[in-house]
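K.L.:
I'll drop the sequence and a predicted model, then ask my questions.
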There are 2 protein chains.
Amino acid sequence: MSTKDKILDAAEIFFADKGFNGTSLREITSQAEVNLAAVNYHFGSKKELIKAVMSRYMNELAPKLECSLQTLCDSSDDISLEEVFTAFVQPLLWLNEFKENGTSTFLQLLGRGYTDSQGFLRWFLTTQYPNVISNFVSAVKKAYPELSAEEMFWRLHFTMGTVVFTMSSSDALIDIATNDFDEKIDISAVIQKVIPYVSAGVGAPVVNR
Amino acid sequence: MSTKDKILDAAEIFFADKGFNGTSLREITSQAEVNLAAVNYHFGSKKELIKAVMSRYMNELAPKLECSLQTLCDSSDDISLEEVFTAFVQPLLWLNEFKENGTSTFLQLLGRGYTDSQGFLRWFLTTQYPNVISNFVSAVKKAYPELSAEEMFWRLHFTMGTVVFTMSSSDALIDIATNDFDEKIDISAVIQKVIPYVSAGVGAPVVNR
DNA sequence: CGTTATTTTAAACGCGCGTTTAAACTGTGT
DNA sequence: ACACAGTTTAAACGCGCGTTTAAAATAACG
């Protein structure tokens, strides 16, 4: 396995667990059993390493996600919000085939990226993968046409918050839930639980003002 | 104004804006125009300063919040989830009387505390202010008795995520929204927008499994 | 006033960080 | 065997961090 891949594999674990700012290159390189300077040799800087970690997942996910949303939009003239959010499930769970614990790791990374480092990841996603976002907005618009652009903006951010926050601490939450309620919970179960929540949230009646 | 208060006032602004880890004591003390060593003299450590900043708000908020939820629970046998979440509005907005931009600052601090520093704030809130949480859970249970304890656990965490994530980046979001849609948006307007969302989310029908 | 106690101050400490350097090592083609 | 590009290595650099120190300034009080 190449040094580059060893670094990426070690980095994503630490980044997901402790955030980008909270992880040092020394932690990463000693876990990966490579020299400290290898990061700057192969990636140029820590910031570029972060981008590379995110890109590896996004390049897997983005086409599948675009396709899934597109297929849903083309399938019928009458789609529900539940269907829109359910369209995320299969592409996300496929990340578990791509890498062990891929789904959970990616969602945690997403959460870290949004709260660490002053919204740099928001820029990264919107500029590097705009099709995912536009396909998603189209699907929501088709499922709930009465929603104004402004309400849509806010509710999608609320949804982002729900998902990203939940996932960035999903390990801790799953621990608590598994102890307190004797039901087997994994990342897939959490996704199944969050879909009715965000569907109802986005689909909430528009208030008169 | 005492040195302690000058430090607290400067610290909360930076903490809310850039997170706890992202703010240095040198930034705080030079903004507050006090000596660097004053933080450790008056508070003991940076961690204790963080607690002091949070406590100043929580000590204002907690009794009002408990009272508001209690009053709602006692008012009727049939309360709605919208009413439960609306019970937060007045106490939260009162923080604007307590300090300029108090509401916004506090909610951003809450968001920072949940994502920075490995859930230390979760411990802080649950151990220092347990009554707020238990009153809230009681109110939700009364408004939606069919919700199992486990679903309640998850949906309350989803709600926490929605609120905390939104608020921790509310300044940026309000900027975007104000530019893109010509409607006057402030923290109070964001709170009004989030209530239907979280009410519908928590109130989503329970799925059979 | 004089003597404590409290607060403020400038300077330094030790540490871990991301990054850079230059030498050593590795493999490949001729 | 040689030269050379690519890679790995140990060591160091400069910086900013939270914290500590000890002296100076200020306040409190009999």
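P.N.:
Here it is on my side, so go on. Remember, predicted model here, so these are calculated numbers, not experimental data.
K.L.:
since we're on the residue lying closest to residue A:55 once chain neighbours are set aside, how many residues are nearby?
P.N.:
Distances taken as CB to CB, 6 or more residues apart in numbering or on different chains put residue A:128 closest to residue A:55, at 7.6 Å, once the chain neighbours are dropped. The C-beta positions use only the backbone N, C-alpha and C, and glycine is treated the same way. Using other CB atoms under 10 Å in any protein chain shown, residue A:128 has 14 neighbouring residues.
K.L.:
again, but for residue A:59
P.N.:
11.
K.L.:
Contact residues of chain A facing DNA strand C?
P.N.:
A:23-27, A:36-37, A:39-40, A:45-47 (CB under 7 Å from any atom of the strand).
K.L.:
Now tell me what touches the host helix or strand of residue A:39 from outside.
P.N.:
Per DSSP states H and E, residue A:39 falls inside helix A:38-43. By CB atoms under 8 Å, 6 or more residues apart in numbering or on different chains, the residues outside helix A:38-43 that reach it are A:3-4, A:7, A:25, A:28-29, A:46, A:49, A:52.
K.L.:
neighbouring contacts of the helix or strand bottoming out on mean pLDDT in chain A?
P.N.:
Ranked by mean pLDDT, DSSP states H and E, the helix or strand of chain A with the weakest confidence is helix A:120-128, at a mean of 79. Counting by CB under 8 Å, 6+ apart, helix A:120-128 makes contact with A:51, A:54-55, A:58, A:110, A:113-114, A:132-133, all of which sit outside it.
K.L.:
hmm, 7 Å instead?
P.N.:
Applying CB atoms under 7 Å, 6 or more residues apart in numbering or on different chains, the external contacts of helix A:120-128 come out as A:51, A:54, A:113-114, A:133.
K.L.:
Counting neighbours, which of these end up buried?
P.N.:
Neighbour-count burial (16 or more other CB atoms under 10 Å in any protein chain shown) applied to the contacts of helix A:120-128 gives A:51, A:54, A:113-114.
K.L.:
Just the ones of the residues you listed in helices?
P.N.:
Residues of these located in helices (DSSP state H): A:51, A:54, A:113-114.
K.L.:
can you give me how far the least confident helix or strand of chain A is from the chain middle?
P.N.:
From the chain centre to the centre of helix A:120-128 is a distance of 12 Å (CA atoms, centre = their mean, to the nearest Å).
K.L.:
Show me which positions of the helix or strand following it end up buried.
P.N.:
Following helix A:120-128 in sequence order, the next helix or strand is helix A:130-143 (DSSP H and E). Buried residues in helix A:130-143, counted by 16+ other CB under 10 Å: A:132, A:135-136, A:139-140, A:142-143.
K.L.:
Out of those, which comes closest to residue B:93?
P.N.:
Set against residue B:93, the nearest of these by CB to CB is residue A:140 (30.3 Å).
K.L.:
unless I'm mixing things up, that closest one is touching residue A:82, no?
P.N.:
No. Contact between residue A:140 and residue A:82 fails when scored by CB atoms under 7 Å: they sit 11.6 Å apart.
K.L.:
How about residue A:88: what's its closest non-neighbour residue?
P.N.:
residue A:65 (6.8 Å).
K.L.:
Would you agree the one you found is in contact with residue A:133?
P.N.:
No. Using CB under 7 Å, residue A:65 makes no contact with residue A:133, being 10.0 Å away.
K.L.:
Next to chain B, which bits of chain A? Give me the list.
P.N.:
Within chain A, the positions adjacent to chain B are A:21, A:115, A:119, A:149-150, A:153-155, A:157-158, A:161-162, A:164-166, A:168-169, A:172-173, A:177, A:181, A:183, A:193-194, A:196-198, A:200-201, A:203-204, A:207 by CB under 7 Å from any CB of the partner chain.
K.L.:
relative to helix A:120-128, how tilted is whichever strand or helix holds residue A:73?
P.N.:
Assessed by DSSP H and E, residue A:73 sits inside helix A:46-75. Inter-element angle recorded for helix A:46-75 and helix A:120-128: 50 degrees (by axes from the mean of the first three to the mean of the last three CA atoms, to 10 degrees).
K.L.:
where does the next helix or strand after helix A:46-75 sit relative to the chain's centre, distance-wise?
P.N.:
Counting by DSSP H and E, the next helix or strand C-terminal to helix A:46-75 is helix A:81-86. For helix A:81-86, the separation from the chain centroid amounts to 16 Å (computed by CA atoms, centre = their mean).
K.L.:
ditto for stretch A:13-24
P.N.:
Computed by CA atoms, centre = their mean, the chain-centroid distance of stretch A:13-24 equals 16 Å.
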